[in-house]
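# Sequence first, predicted model second:
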Amino acid sequence: MRLETTRNFLFASAAVLAFASPAFALDGADVLKKMNAAYQVQGAEITAKSVATNGDNVTLSGVVIGSGMDPAQQFPIGNVTLEGVEEDNGGYTIEKMSFENVNYAKEKVAITIDDLYMTGVVVPADATANTVDAMLFYDEAHTGPASVKIDGKEAFSIAESNATMTKSEDGGTLSFDLTAEGFKGDLSGVTDPKSKEAIDALQLKSLSGDLTVNGSWEVAPGTINVDEYSIDVENVGRLDMSFSVSGYTMAFIKSMQDAVKAQEANPNKEQADQAFGLAMLGLMQQLTFNNAKISFDDAGITKRGIDYAAKEQGTTSQQLSQMIKGMAPMMIAQLNIPELQNAVSAAVNTYVDDPKNFTISAAPAKPVPFPMIMGAAMGAPNTIPSVLGVTVTANQ
């Protein structure tokens, strides 16, 4: 009995030592290799001066992210710490990726970004596979305060941004959400006299607002639904867009990536651009238009714009408003779209008299293939509004 107990103990000890040995340790170099493979598919490349592994943590030192060999396209981001790294069927899961604060300066431009991290990162085993599992995912990507300075003066800043991705249980749908809170833009540094005059009159010297994007991607049919893409600028207004397109499948993405790689590999830039354009034209044939909408809620910019334009033309704001309302029907008439002419004229009149909101929608009775849209644009452009089910409204 004692001999059997001793033998079992030795076997157990040997198993523990085996799994703790370097042969079974986390391979930090392979983690970087798999991450890089996923980024390269998207046209980017990651390099690191060194890779260090400590338990289930990996530290990448001297990391640079870029595209191609052009130094101008290389962006150094310092050290990156990967925490809670685990091997997963040839790929890896990472609990958290933490980045050093960015402090980048080149010539007259300086960029700083604080508190960068990603959580719930999934690194694919094979980035070339034609499935959704070949893509790099994350649960959350976050940045703290970010700033862009030109000649030492802050031109643009963001208080905080946050992006999330969620995959359905069956992997068939991916939802995404992005918010950029407290962005600010400073146009006081504009020196051109005419531009400066317009900026002052329109009260655009200092801008602040928020950005929100959310939607989903249905993988199999390749349907992208952008439910909200809004930019809300204080004292200016809110621009809100949404759209839905089908056909953006994994095969489509792969073909698009191949076209980009072929363009970059061709030393003849003119020939490369022409080939890329033809490839994109061919790929567009695979897409289908479902619907789209763009609307603007005014917060004062319209009246200031009319006032400034009237002053420039040596007339009054009221006279210019009447001119706009009178010119709108004539301009639309030139497009030969009678079914839309009255609606546009009515919407323009309503909006100019009392600027609140202006909306253009395209909602066809059934999805329209892009080739049909392109054919209408080339053969009978005046039919596009009816093909796409375009409507124009104001103050609704």
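Perfect, I can see it now. Numbering: from 1, shown residues only.

# can we go C-alpha only for contacts and neighbour counts from here?
Noted.

# ok, and what's touching the helix or strand that contains residue 40?
Secondary structure assignment for residue 40, by DSSP states H and E: helix 28-41. Applying C-alpha atoms under 8 Å, 6 or more residues apart in numbering, the external contacts of helix 28-41 come out as 45-47, 51-53, 58, 91-92, 123-128, 134-136, 257.

# hmm, try it at 6 Å
45, 46, 53, 58, 123, 127 (C-alpha atoms under 6 Å, 6 or more residues apart in numbering).

# For it, buried residues please.
For helix 28-41, the buried set under the neighbour-count rule, 16 or more other C-alpha atoms under 10 Å, comprises 28, 29, 31, 32, 34, 35, 36, 37, 38, 39, 40, 41.

# Give me the pLDDT for the fifth one.
For residue 34, the pLDDT comes out at 91.

# ok so, going back, mind checking which of the contacts of helix 28-41 are buried?
Of the contacts of helix 28-41, these count as buried by 16+ other C-alpha under 10 Å: 45, 46, 58, 123, 127.

# related to what we said a few turns ago, could you tell me which of the contacts of helix 28-41 belong to strands?
45, 46, 53, 58, 123 (DSSP state E).

# Could you work out the most separated pair of the residues you listed?
45 and 53 (21.2 Å; C-alpha to C-alpha).

# Let me know the closest of the ones in strands among the contacts of helix 28-41 to residue 331.
Nearest member of the ones in strands among the contacts of helix 28-41 to residue 331, counting by C-alpha to C-alpha, is residue 45, at 49.1 Å.

# So what pairs up with the closest one in the strands?
residue 66 (DSSP bridges).

# residues contacting residue 157?
146, 147, 183, 184 are the contacts of residue 157 under C-alpha under 6 Å, 6+ apart.

# does it belong to a helix or a strand, and which?
Counting by DSSP H and E, residue 157 is found in strand 153-158.

# next helix or strand past that strand?
Downstream of strand 153-158 (by DSSP H and E), the next one is strand 160-167.

# Show residues contacting that next one.
139-145, 173-181.

# so residue 208 bridges to which residues?
According to DSSP bridges, beta-bridge pairing links residue 208 with residue 184.

# Any figure for the gap between it and residue 182?
7 Å (C-alpha to C-alpha, to the nearest Å).

# Same question for residue 36.
Applying C-alpha to C-alpha, the value for residue 36 to residue 182 is 32 Å.

# what bits of the chain have low per-residue confidence?
Along the chain, the parts satisfying pLDDT under 70 run over 1-25, 41-43, 67-73.

# just the helices in it please.
2-20, 28-41, 193-202, 250-265, 269-284, 301-313, 317-333, 338-353, 370-379, 384-388 (DSSP state H).

# quick one: which of these is nearest residue 169?
helix 250-265 (18.5 Å).

# Okay, buried residues for that closest one please.
Judged by neighbour count (16+ other C-alpha under 10 Å), helix 250-265 contains these buried residues: 250, 252, 253, 254, 256, 257, 258, 259, 260, 261, 263, 264.

# go on, stretch 130-144?
132-144.

# and residue 94, what does it touch?
Residue 94 sits next to 84, 85, 120, 121 when contact means C-alpha under 6 Å, 6+ apart.

# I figured the second one was touching residue 58, is that so?
When you say that, I think you mean residue 85. No. Counting by C-alpha atoms under 6 Å, residue 85 stays clear of residue 58, with 7.4 Å between them.

# if we can go back for a sec, closest to residue 293 among the contacts of residue 157?
residue 183 (24.3 Å).

# Verify the stated contact: the closest one with residue 209.
Yes. Applying C-alpha under 6 Å, one finds residue 183 in contact with residue 209, separated by 5.5 Å.

# separation between residue 211 and residue 114?
The value you get for residue 211 to residue 114, if C-alpha to C-alpha is used, is 19 Å.

# hang on, the earlier thing: CA-only coordinates of the helix holding residue 40 in PDB, if you can.
What follows is helix 28-41, C-alpha atoms only, in PDB (Å, rounded to 0.1, in the frame of the first residue of the first chain):
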ATOM      1  CA  GLY A  28       4.300  35.400 -25.700                       C
ATOM      2  CA  ALA A  29       5.900  35.400 -29.200                       C
ATOM      3  CA  ASP A  30       3.000  33.300 -30.600                       C
ATOM      4  CA  VAL A  31       0.500  35.700 -29.000                       C
ATOM      5  CA  LEU A  32       2.100  38.600 -30.800                       C
ATOM      6  CA  LYS A  33       2.300  36.500 -34.000                       C
ATOM      7  CA  LYS A  34      -1.500  35.700 -33.900                       C
ATOM      8  CA  MET A  35      -2.400  39.300 -33.000                       C
ATOM      9  CA  ASN A  36      -0.300  40.500 -35.900                       C
ATOM     10  CA  ALA A  37      -1.900  38.100 -38.300                       C
ATOM     11  CA  ALA A  38      -5.300  39.500 -37.400                       C
ATOM     12  CA  TYR A  39      -4.100  43.100 -37.900                       C
ATOM     13  CA  GLN A  40      -2.300  42.400 -41.100                       C
ATOM     14  CA  VAL A  41      -5.600  41.100 -42.700                       C
END
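
# what angle do that helix and helix 250-265 make?
90 degrees (axes from the mean of the first three to the mean of the last three C-alpha atoms, to 10 degrees).

# any idea how far helix 28-41 is from the chain center?
The chain centre lies 22 Å from the centre of helix 28-41; the measure is C-alpha atoms, centre = their mean, to the nearest Å.
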